[in-house]
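**Q** what follows is a predicted structure for the sequence shown.
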Amino acid sequence: MQITTFRIAKMDCPSEEQMIRMILADQPAISSLNVDIPNRQLTVFHADGYEPILQRLDELNLDTSLVHSGSSDNHHTPTANPKQERKVLWQVLAVNAFLFVLELTTGVVSNSMGLVADSFDMLADSIVYGLALYAVGGTVQRKKSIAQSAGYLQLLLAICGFAEVLRRFVGLDEVPAFHTMILVSTLAVIGNGLCLFLLQRTKSNDAHIQASMIFTSNDVIVNIGVIIAGSLVYLTNSKYPDLVVGTVVFFIVGQGALKIVKLSR
């Protein structure tokens, strides 16, 4: 068994950690990974040489360099726990389904495109978690296929969202209710934070779990953006901050979807 440490200079958030785990998921020589985000280091326990691993990491363009590589005789490989994965996925599925209904309903009532956009994101995530439940215990290729399907679905929702934002930019829609935007998005931040915590506790390297974590990390950023937009709507009494954040949300949704499709090939 070999132990190799890499420095990944541009790894500074959970999304990038999960991208790394996904791109290395199909490497049979890897026994396990240890990711240290604060110190921007990745430790890999593996057989054979480290060169194929470094080559895959370079595809992410996160400025990866070798720190050290040597032998390790005292490493225990962790095993997956499908029962635990399934329990956690049911929990995050329930949270996201609830947030989808809440944000879609309040988004329509308050005329907020930001909330509607975020609800679409929640719907995509709910479907991702549902597909992930089907993937638990399956083969690596099956899990990657499910992650890829989820990515294509989220990309489709992003395109539909862009079309609606364009329609509202040229229409005569009313100014959205800023207080509803801020309150509901704050609840969504709490809900997504809980989902991310539950997913991280599984310590799973499977592609379908990693896809779920990338989506959830993006959701937290999106929720904060809607809160900021609500504050700007209040200060300017204009619909445009809401439409701008809606555009940004759908861009993030589309960008995340493309990452998942690419990494699950």
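**A** Yep, it's here.

**Q** just confirm residue 224 contacts residue 190, I think it does.
**A** No: counting by C-beta atoms under 8 Å, residue 224 stays clear of residue 190, with 11.9 Å between them. Every C-beta, even on glycine, is put in place using the N, C-alpha and C of the backbone.

**Q** what is in contact with those two at once?
**A** Overlap of the contact sets of residue 224 and residue 190 (by C-beta atoms under 8 Å, 6 or more residues apart in numbering) is empty.

**Q** in the stretch 151-265 of the chain, which spans are helices?
**A** Shown for the stretch 151-265 of the chain, the helices assigned by DSSP state H, counting those that start in this stretch span residues 178-201, 207-236, 240-263.

**Q** ok, residue 234 to residue 118 distance?
**A** Relative to residue 118, residue 234 is positioned 18 Å away (C-beta to C-beta, to the nearest Å).

**Q** picking that back up, just name the most buried of the helices of the stretch 151-265 of the chain.
**A** Of all the helices of the stretch 151-265 of the chain, helix 207-236 carries the top mean neighbour count, a mean of 23, counting by mean count of other C-beta atoms under 10 Å.

**Q** strands along the protein, start to end?
**A** For the chain, strands defined by DSSP state E occupy the ranges 2-8, 30-36, 41-46, 64-71.

**Q** mind listing what's buried along the shortest one?
**A** Going by neighbour count (16 or more other C-beta atoms under 10 Å), the buried part of strand 41-46 is 42, 43, 44, 45, 46.

**Q** possible to save those as a markdown table with distance to residue 4 and pLDDT?
**A** Converted to a markdown table, these look like this (distance: C-beta to C-beta, whole Å; pLDDT from 0 to 100):
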| residue | distance to residue 4 | pLDDT |
| --- | --- | --- |
| 42 | 9 | 92 |
| 43 | 7 | 92 |
| 44 | 5 | 92 |
| 45 | 8 | 90 |
| 46 | 7 | 90 |
